[in-house]
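S.K.: Would you be able to build a 3D model of this:
(one chain, ligands or ions: 1)
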Amino acid sequence: MNIAEKIIKAHLVGGKMETGSEIALRVDQTLTQDATGTMAWLQFEALGRDSVQTELSVSYVDHNTLQMGFKNPDDHQFLRTVAARYGAVYSAPGTGICHQLHLENFAKPAKILIGSDSHTPTAGGIGCLAMGAGGLSVALSMAGEPYTISMPQIVEVRLSGTLQGFAQAKDIILELLRLLGTQGGVGKIFEYTGEGVASLSVPERATITNMGAELGATASLFPSDNRTKEFLSKMGREDDWIFLEADANARYDDCVEIDLTKLVPLAAKPHMPDNVVPVSELAGMKVDQVAMGSCTNSSYADLKQVADIMKGKFVARHTDTCVSPGSRQVLSMLMEDGSMTSLLDSGVRLLECSCGPCIGMGSSPHSAGVSVRTFNRNFEGRSGTKDAQVYLVSPVTAAYCALNGCFTDPKTWGIPPEKPQFPEYIPSIKHHFSYPAQDEEERKKTAVLRGPNIVALESFAPLGAELQGEVVLKVGDGITTDHIMPAGAEITALRSNIPVISEYVFSRVDENFVSRAKNMRDSGKCGFIVAGKNYGQGSSREHAALAPRHLGIRAVMALSFARIHRANLINFGILPLIFENAEDYDNLVLGAKILVNTLEFDENNRAAAEVEGLGKICFKHDLSEQEFQLVRAGGLLNFIKNRK
Ligand code: F3S
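M.R.: Numbers count the residues shown, from 1 in each chain. Next up, the predicted model:
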């Protein structure tokens, strides 16, 4: 068996390990972050359990840490008290970014981790099968329900040779994105093998597994070997290590080979992570901002290498350069060994240990500015500046962009920096986490505090036999969850308040969408969205399904769907329908009047919808029997409650 099969087999509580079959998995650990976590915890509460049922659940606050006004602090207070009440660990704002913290402190080889953040697969760098999911799936995992997915294909990524020159781990995953594209990993787990694996440290591996999310992959996995043992013992967690690797005769569904010796520094150009070219092709382009950190590249080694390059030099005056360390532990190490002094002396701005600029939470580029980032996403507008041009690069490339004020050819960079080793002394940050009382009776005495920004969930009506309504929005290919439910400080602060946040749905795509959808809903009819390929790619944010559902959307008709968003649509009672004939996408226009009979799907899951003036258009769905029952019930929460 390969590693993925070994972990899945040990956690299988339902289904067969056959590609495409539905499997149910026991979940060991969960993580939530504040932007998705308030809703996940409200959903957990709605399930009526007294305690979390996992080995470990951690509630991180790392996204909305600016605390402008009462909304973010209300959320943080709720998350702190709800974790104490139900038995989860709480990580306060400023402690660090969930994935970096989880890797350093909690993730374990051979475990299954489900997180309400699309970059949860980061923990695959330590040999943990870690998957991003909607908040509702995480709430159910916390309640002890199994996590259900289709058995993915397992793809071997064979790394030969070792990285040379200025190429870094980031360039490995950028190369994979260049080769496979942002849809290349859908329905797949990427498992890394080959001689190159041993040359990569756990933080380097975690950079790669982190951005497996940009390939659309279910998860990415590295073995748990001596490098893993070394990392865990440095973190004071040697006891968490076990040896885990694929059998010598393991089989894979597919194989991709990357020769590490041939890799050069790469950059993803605006506005997609797979728009990848060699950095040398961009030489001469002025850089207005450099932002370093994020859950992709904020480890000690990443930032120490940058500090070593910057030591005794100055960032270009026109290049605003900032760094957000991944955790307090990373920050402490950088302070202890003088690296932070080198960074600050060179003119770098120090930001909090949080997501920050990655989601436009401060440090946005100026209008039309070129921003070079060590992050994982460069979607249009995500930086907080609509017309910014964001490039994704490795920390070393970012450092040279900051010093030179422009992209330069790596051939001019001189001698490549040494790969940093962990310092001898690593300060512990365990005391920064809040641990719940062991005794459940003790925990029950904790009052869960709710400010006005915490609004209880509404209950959604089940799906009727007939869906009658109009197309209230038509969009093209590649619609991201950022398009559907924009990020940014003002909006993400409202994630525990569905009626208010719904006002922003598609606000950057079509400012009249909300009023059209509301009119349709208030007239007692359904709203439909028509979309092209890969609808809902990007993040796991379930608000991109929940808020449209609040606005009366009952079906999305698309050419294809992104995996996590498809699950979120189902979880909130929205029917994901696929065009049987791609040309019908062109025929279905804004305002088209449609009647779908949900009882008429045949054994091949096909049904014809009546479209006024056009006649019949054929749709299909790829829902399992259980998924269809969820949509019928009006969503997963209704389904579980009815089951009880
Ligand atoms: Fe945070 Fe950006 Fe990662 S928002 S969790 S640093 S993708």
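S.K.: count of residues packed around Ser150?
M.R.: 17 (other Cβ atoms under 10 Å). All C-beta spots, glycine's among them, are computed from the backbone N, C-alpha and C.
S.K.: Please determine how far it is located from Gln438.
M.R.: Remark: distance between Ser150 and Gln438 (Cβ to Cβ, to the nearest Å) = 38 Å.
S.K.: Strands along the stretch 401-550 of the chain, start to end?
M.R.: For the stretch 401-550 of the chain, strands defined by DSSP state E, counting those that start in this stretch occupy the ranges 433-434, 466-474, 526-531.
S.K.: from the chain's centre, how far out does the first one sit?
M.R.: Strand 433-434 has its C-alpha centroid displaced from the chain centroid by 23 Å (Cα atoms, centre = their mean, to the nearest Å).
S.K.: Run through this protein and note the low-pLDDT ranges.
M.R.: Low-confidence segments of the chain (pLDDT under 70): 644.
S.K.: what residues does it put near the ligand?
M.R.: Neighbours of the ligand within the chain, by Cβ under 6 Å from any ligand atom: His63, Ile97, Cys98, His99, Asp117, His119, Ser294, Cys295, Cys355, Cys358, Ile359, Asn376.
S.K.: residues near the second one, how many?
M.R.: Using other Cβ under 10 Å, the number of residues around Ile97 comes to 31.
S.K.: got it, and the fourth one?
M.R.: One way to gauge burial is a neighbour count; for His99, by other Cβ under 10 Å, it gives 32.
S.K.: sec struct for it, please.
M.R.: Under the three-state scheme (DSSP: H, G, I helix; E, B strand; the rest coil), His99 adopts helix.
S.K.: My guess is it contacts Ala123. True?
M.R.: Yes - the pair His99 and Ala123 qualifies as a contact (Cβ atoms under 8 Å) at a distance of 7.1 Å.
S.K.: ok so, going back, let's have the strands of the stretch 401-550 of the chain in a markdown table, adding mean neighbour count and distance to Ser364.
M.R.: Shown next, in a markdown table, are those (neighbours: other Cβ atoms under 10 Å; distance: least, Cβ to Cβ, whole Å):
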| stretch | mean neighbour count | distance to Ser364 |
| --- | --- | --- |
| strand 433-434 | 16 | 30 |
| strand 466-474 | 20 | 27 |
| strand 526-531 | 26 | 28 |
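S.K.: okay, these in CSV with distance to Ser51 next?
M.R.: Conversion of the strands of the stretch 401-550 of the chain to CSV gives the following (distance: least, Cβ to Cβ, whole Å):
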stretch, distance to Ser51
strand 433-434, 16
strand 466-474, 39
strand 526-531, 39
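S.K.: between the ones you listed, which gets nearest to Gln626?
M.R.: Among these, the nearest to Gln626 by Cβ to Cβ is strand 466-474 (20.2 Å).
S.K.: Could you report the neighbour count for the residue of the stretch 201-350 of the chain found nearest the ligand?
M.R.: In the stretch 201-350 of the chain, the residue found nearest to the ligand is Cys295; the distance is 3.3 Å by Cβ to the nearest ligand atom. Per other Cβ under 10 Å, the neighbour tally for Cys295 reads 30.
S.K.: Pull stretch 614-634 out as CSV, backbone CA atoms only.
M.R.: Presented in CSV, the C-alpha positions along stretch 614-634 are these (Å, rounded to 0.1, in the frame of the first residue of the first chain):
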residue,chain,number,x,y,z
LEU,A,614,-36.2,27.5,-25.0
GLY,A,615,-37.9,24.2,-24.3
LYS,A,616,-36.1,21.5,-22.5
ILE,A,617,-32.5,21.7,-21.3
CYS,A,618,-30.9,18.5,-19.9
PHE,A,619,-29.0,18.6,-16.6
LYS,A,620,-27.3,15.8,-14.7
HIS,A,621,-25.9,15.6,-11.2
ASP,A,622,-23.1,13.6,-9.6
LEU,A,623,-24.6,13.4,-6.1
SER,A,624,-24.6,10.1,-4.2
GLU,A,625,-27.8,8.9,-2.7
GLN,A,626,-26.9,10.4,0.6
GLU,A,627,-25.9,13.7,-0.8
PHE,A,628,-29.2,13.9,-2.6
GLN,A,629,-31.0,13.2,0.6
LEU,A,630,-29.0,16.1,2.3
VAL,A,631,-30.1,18.6,-0.4
ARG,A,632,-33.7,17.4,-0.1
ALA,A,633,-33.6,17.8,3.7
GLY,A,634,-32.5,21.5,3.1
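S.K.: sorry, back to before: so the residue of the stretch 201-350 of the chain closest to the ligand, which of the three states?
M.R.: Recorded secondary structure, Cys295: coil (three-state DSSP).
S.K.: can you pull the contacts of it?
M.R.: By Cβ atoms under 8 Å, 6 or more residues apart in numbering, the contact list for Cys295 reads Ile97, Cys98, His99, Gln100, His119, Thr122, Asn210, Gly326, Cys355, Cys358, Asn376.
S.K.: what's the answer for Val596, then?
M.R.: Val596 sits next to Glu466, Leu467, Gln468, Ala555, Leu575, Leu577, Ala607, Ala609, Phe619 when contact means Cβ under 8 Å, 6+ apart.
S.K.: how about the first one, what does it touch?
M.R.: Contacts were defined as Cβ under 8 Å, 6+ apart; by that measure Glu466 touches Leu595, Val596, Asn597, Thr598.
S.K.: same thing with the third one?
M.R.: Counting by Cβ under 8 Å, 6+ apart, Gln468 makes contact with Lys525, Cys526, Ile594, Leu595, Val596.
S.K.: One more: the second one?
M.R.: With contacts defined as Cβ under 8 Å, 6+ apart, Leu467 is in contact with Cys526, Phe528, Arg554, Ala555, Leu575, Ile594, Leu595, Val596, Asn597, Thr598.
S.K.: make it 7 Å
M.R.: The contact partners of Leu467, by Cβ atoms under 7 Å, 6 or more residues apart in numbering, come to Cys526, Arg554, Ala555, Val596, Thr598.
S.K.: Could you do the fourth one as well?
M.R.: Neighbour list for Ala555: Leu467, Cys526, Phe528, Ile574, Leu575, Leu577, Val596 [criterion: Cβ under 7 Å, 6+ apart].
S.K.: beta partners of it?
M.R.: With DSSP bridges as the criterion, Ala555 is bridged to Phe528, Leu575.
S.K.: any idea how far it lies from the ligand?
M.R.: To the ligand, Ala555 is 30 Å away according to Cβ to the nearest ligand atom, to the nearest Å.
S.K.: From Lys620, how far off is that residue?
M.R.: 13 Å.
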